[in-house]
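K.L.:
Take this sequence and fold it.
(one chain, ligands or ions: 2)
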Amino acid sequence: MGVMSPSAASPVFVEVAVPLPIDHPFTYRIPSGQETRARVGVRVLVPFGRRKVTGLITALTDGTSLKGREAREVLAFLSAAARECLAPMGEMLRAALPGGLPRREAPSSPRTETVYHAAEGSTDTAWTPKQRMVYAAVLAAGEISAPELSALVPGGGDVARKLAAKGILAATVREKSAAPSAPHLPDSAGTIVPTSHQEAALAKTGVALASGGFAAFVLHGITGSGKTEVYLRAIEQARLTGRQAVYLVPEIALTPQLLGRVRARFGEAAAVLHSGLTRADRALQWRRIRGGEVFLSIGARSAVFSPFSSPGLFIVDEEHDSAYKQEEGIRYQARDLALMRARMEEAVVLLGSATPSAEAIHLAQTGEATLLSLPERIGARNLPEITVVDLKGQTARRGADRYFSPALEEAVEETLSRGEKVMLFLNRRGYAPALTCLDCGTTVHCRNCQVALTFHKQDGVLLCHYCGARETPPERCGACDGHKVAQVGIGTERLVAWSAKRWKEARVARLDSDLGRKRGFYEEVLSRMHSGEVDILVGTQIIAKGHDFPEVTFVGVLLADLSLSFPDFRSAERTFQILTQVSGRAGRGDRPGTVIIQTLSPDHVCIRKAAEHDFHGFMEKELAEREALGYPPFGRMLLLRFWGPKLDRVQAAAGNVAEALSRPLSEAGIVLLGPAPSPIGLVKKKYRYQILLKMPPRFPVGDFFPELLRPLRDVAKKAGVRMEADVDPYNLMV
Ligand code: ADP
Ligand code: ZN
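P.N.:
Ligands and ions are numbered 1, 2, ... in the order given. I've put the predicted structure just below:
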């Protein structure tokens, strides 16, 4: 090393990762005068070819680094994650960073902020449910800022601004406190005494956290057993060790209740990363995490990348949920990445669910994780009684009536007459899943995809659920010109219409992803549900997730078979999970709940076991079957997808890759299946083929594949065919 003058102690070069499909970082000289700003983890604009791109400094190549430890550890994790997901580092960065890589480092946060409090002599007004929630939050807090409100009630900041304009709230500007102020909200922890099962679980997590090494736990707690309380206390345990916690939930928009509890417990010490955040808000939360202003980050899958300096705890709530698998751009499984990062950081990981995945149970059975269980509902409430109704006998009924067995109708009737609430679950949105000609049997298909179009009555359109194409419903059949084009089957929209007609007095609401795209809609329906303004809530699996509505005493499942019919080895597991979750919404208050599951396959093991609340019985059978077939968790899978505008080229590219891989794969003990057309062989005007690889358990995907696949991907690309690798795939359909 050369002689160093004091000023030369600063590094002269930085390595920068760029958000382009390039695996290695680039080195740039730091412009003079900028030395002190060059830190690991800082975003910089760098020349790249003829343009400029924003990249992230991954290393300083000379001198001592300036406080770069934190970011470097996140980067070590990101780079390991990229390898494991067979994705370029730059793309991984794009997935991990808040809102991708912004053009410039966001401006530093302002010194002052606006806070809201209730105005004197508030006027009467027509409140929306959301305004009511915001107003209640302001009252509870006394004084609260817009970002704080938005963390409590998504979009709450905007609502507050509007309420202030109306004179209902008053706004004042205050100096932004450097140290976060203590929470003003009531804390429920004081009144809750953990149950003996909660105590036992927390004793184990406490020891693991205190000892500071890697440990994994699977928390199997039936619905309403107090899992969330365990998470919150485990977070407190992590805080006592001086380390930070990451709390992952499948969908943050669906958890206003949870956010309220987190705020009440940890106040401003928590950063909430939800999809409703603006880019600037997101960058702000990111900086609060990186700067050590908060010790907890809570969010959906991308929160696994939270840049804490020393995270000691990773919680994955509803770990079985497939929402943890990112299906666009980079395909990663946030639960698996949480496990991986916990190993790297020597942290504790807590995977919780009422229906743990086969993967999680396998971890527990092989001793890699410790099983914790909460086998009872809080308050000695019983699980609901579940009846299975065979729909096959329903031939006498026509139209949508066919989907209502007399037993189901009666149960809804009785529940409503007692003044209690009903949930009706149907895992299919829209009005009717198909328009079919009654003369020739032709179903209207999407012009871009190999799927039937769904009829959406409210918008009066046929909609493709794969590419979003819209079409006007035809008056006559395109094939035979017949005019008996019928709406076949039932979706949530039709279910609402039917229920509203059948029970005229009842207030019926719908919750599914069609509506969820409108911002704040979930929260509005959920808050109406909480205030007792909805008698029948109809929805897709969104209604099954974690909600706690004590007034709901009856849950009806219209057609349990929908998720069973997928050609996918996880279909039985998914069906069991969803039936258990949705059943768990019934009887959470003082009154007992009942559930009716309607199905065409009443003898299927997943339906029988769900009705018997027999998780272990189901899982035993499921694991035995998976083991016999070498499916995960007894083996790993890799799906190679090919798509392009020309069928023959897609076919040829898939064939070439299969041929090129066959030797190296068989030497490594990997089974290659295919190539074959994907189950949905045409999506968005692109033909699709796939190859499925079955690997031994723990196969080192990240070591074996990147170099092997890169040249093959390039060859395919020259023929106009895209090739994508999906490690441990969740969606085998497209
Ligand atoms: P889960 O996450 O397993 O569905 P929650 O943690 O949401 O269950 O608990 C269900 C309800 O029971 C919540 O209202 C929660 O506040 C309450 N609860 C949890 N633990 C206790 C306890 N030890 N004593 C009293 N109430 C509790
Ligand atoms: Zn389509």
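
K.L.:
ok and the residue in the stretch 601-734 of the chain nearest ligand 1?
P.N.:
Phe615 (13.8 Å; CB to the nearest ligand atom). Placement of C-beta: from N, CA and C, glycine included.

K.L.:
List the contacts of that residue.
P.N.:
By CB atoms under 8 Å, 6 or more residues apart in numbering, the contact list for Phe615 reads His220, Ala354, Thr355, Pro356, Phe576, Thr580, Lys609.

K.L.:
ok, now Val246?
P.N.:
By CB under 8 Å, 6+ apart, the contact list for Val246 reads Leu296, Ser297, Ile298, Ala303, Val304, Ser306, Phe308, Pro311, Leu313, Phe314, Ile315, Ala338.

K.L.:
what about 6 Å?
P.N.:
Ser297, Ala303, Ser306, Pro311, Phe314 (CB atoms under 6 Å, 6 or more residues apart in numbering).

K.L.:
longest helix in this protein, by residue count?
P.N.:
Within the chain, and with DSSP state H defining each element, the longest helix by residue count is helix 647-667.

K.L.:
what is the mean pLDDT for that helix?
P.N.:
Averaging pLDDT along helix 647-667 gives 93.

K.L.:
which of the contacts of Phe615 lies closest to Leu511?
P.N.:
Closest approach to Leu511 among the contacts of Phe615 (CB to CB): Thr580, at 19.1 Å.

K.L.:
Strands along the stretch 501-650 of the chain, start to end?
P.N.:
Here the stretch 501-650 of the chain has its strands, by DSSP state E, counting those that start in this stretch, at 508-511, 536-539, 552-557, 594-599, 636-644.

K.L.:
And for the stretch 51-200 of the chain?
P.N.:
Under the criterion DSSP E, counting those that start in this stretch, the stretch 51-200 of the chain contains strands at 51-60, 112-118, 144-145, 169-175.

K.L.:
circling back: reformat the contacts of Val246 into JSON lines and put pLDDT and secondary structure next to each item.
P.N.:
Converted to JSON lines, the contacts of Val246 look like this (pLDDT from 0 to 100; DSSP: H, G, I helix; E, B strand; the rest coil):
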{"residue": "Ser297", "pLDDT": "94", "secondary structure": "strand"}
{"residue": "Ala303", "pLDDT": "92", "secondary structure": "helix"}
{"residue": "Ser306", "pLDDT": "91", "secondary structure": "coil"}
{"residue": "Pro311", "pLDDT": "92", "secondary structure": "strand"}
{"residue": "Phe314", "pLDDT": "98", "secondary structure": "strand"}
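
K.L.:
May I see the strands of the stretch 501-650 of the chain organised as TSV, with distance to ligand 1, mean neighbour count and mean pLDDT added?
P.N.:
Shown next, in TSV, are the strands of the stretch 501-650 of the chain (distance: least, CB to the nearest ligand atom, whole Å; neighbours: other CB atoms under 10 Å; pLDDT from 0 to 100):
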stretch	distance to ligand 1	mean neighbour count	mean pLDDT
strand 508-511	19	22	90
strand 536-539	18	26	93
strand 552-557	14	28	94
strand 594-599	16	23	94
strand 636-644	31	23	93
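
K.L.:
Any chance of these in TSV with distance to ligand 2 as columns?
P.N.:
Output for the strands of the stretch 501-650 of the chain, formatted as TSV (distance: least, CB to the ion, whole Å):
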stretch	distance to ligand 2
strand 508-511	23
strand 536-539	24
strand 552-557	28
strand 594-599	29
strand 636-644	14
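
K.L.:
I'm done for today, thanks for sticking with me.
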